[in-house]
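Trainee: From the sequence below, what's the structure:
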Amino acid sequence: TESMRGNDHVCYDHHEKRYVDYQGEVLCILDDAHHSAAIYAKQAALGYEKLYLMILSHSGEMLDERGLHRIHALGLALHNQATLILLPTHGGKTTLGLRLLQNPNILLISEDTPLVDHRGHAFPFLMRLGTRDEHMHPDIPETAKRTFNRSQWGKKTLIDIQHWQSQWAIHALPVHTLIH
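Mentor: Numbers count the residues shown, from 1 in each chain. Down below sits the predicted model:
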C-alpha cells in the first residue's frame, strides 16, 4: 500500500518493511523488525547517495531519542563558545566556514549539522565538508577531495575532515551566538 509520495520517490509499506522506489533507479527496502536495509541501484553513485542519506536520517532519529537534535547550520567555536550560523541549503555555510577556518583560533563544530541539547550546548558532529566549488580551496590536496554527482543537487566535492584535524572542537560548548 502506498504510504508516502515525494518529488522523486514513492514509499510502500508492507508489514514491517518499507519499500522506497526512486523512479525505478534505486529501490531501498527498510526492515524495522530486523533493523536492516537493502539498497538496489542501477548506478553505484546513486545507490551510495541514498545510502548516505539513509544513514544520516536513521542517525538523526537515534540522536533525537537521546536528546540531541541536528540543526542545519554551520557551527564554529572561538574562546570556548559556540556560534551557530543558520543558512538555507546552498546559502554558503561551507564557503563561509572554509574562509573562517583560515583563522587557526577558530574551531569547527560542524559544517552542516551541529547537534544541540536542551541546555543550549552544541556538540561536534564532524563529517566531510561539502562544496559545490571544487576549485575553491587550492591549498587542499587532491587526495583529500572526492567529487560526485547528486541526483537532485548536482555536483559536489567532499573534503576529508582530517584536513582540519587541528581545528576540531572536541567537546560540547555553550551556544553564545545564533545568526540566522
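
Trainee: tell me which element the closest residue to residue 178 other than its chain neighbours is part of?
Mentor: Residue nearest to residue 178 in three dimensions, not counting chain neighbours: residue 84, with 5.2 Å by C-beta to C-beta, 6 or more residues apart in numbering. For every residue, glycine as well, the C-beta is placed using N, CA and C. Counting by DSSP states H and E, the element that carries residue 84 is strand 81-85.

Trainee: What is that strand packed up against?
Mentor: Counting contacts by 3 or more C-beta pairs under 8 Å, 6 or more residues apart in numbering; DSSP states H and E, strand 81-85 is packed against strand 74-78, strand 121-123, strand 173-179.

Trainee: try it again with 7 Å
Mentor: Packing partners of strand 81-85 (3 or more C-beta pairs under 7 Å, 6 or more residues apart in numbering; DSSP states H and E): strand 74-78, strand 173-179.

Trainee: which residues sit against the longest helix seen in the chain?
Mentor: For the chain, the helix with the greatest residue count under DSSP state H is helix 44-65. Residues outside helix 44-65 that contact it (C-beta atoms under 7 Å, 6 or more residues apart in numbering) are 22, 25-26, 28, 37, 39, 41, 70, 115, 148-151.

Trainee: One more: stretch 86-105?
Mentor: Contacts for stretch 86-105 (C-beta under 7 Å, 6+ apart): 72-74, 76, 78, 85, 106, 108, 111-112, 129-131, 136-137, 164, 167, 179-180.

Trainee: if you set the cut-off to 8 Å instead, what comes out?
Mentor: 71-74, 76, 78, 85, 106, 108, 111-112, 129-133, 136-137, 153, 164, 166-167, 178-180 (C-beta atoms under 8 Å, 6 or more residues apart in numbering).

Trainee: Equivalent analysis for stretch 108-121, please.
Mentor: The contact list for stretch 108-121 (C-beta under 8 Å, 6+ apart) reads 56, 63, 67-77, 82, 84, 93-94, 97, 101, 122-127, 129-130, 164, 167-169, 172-175.
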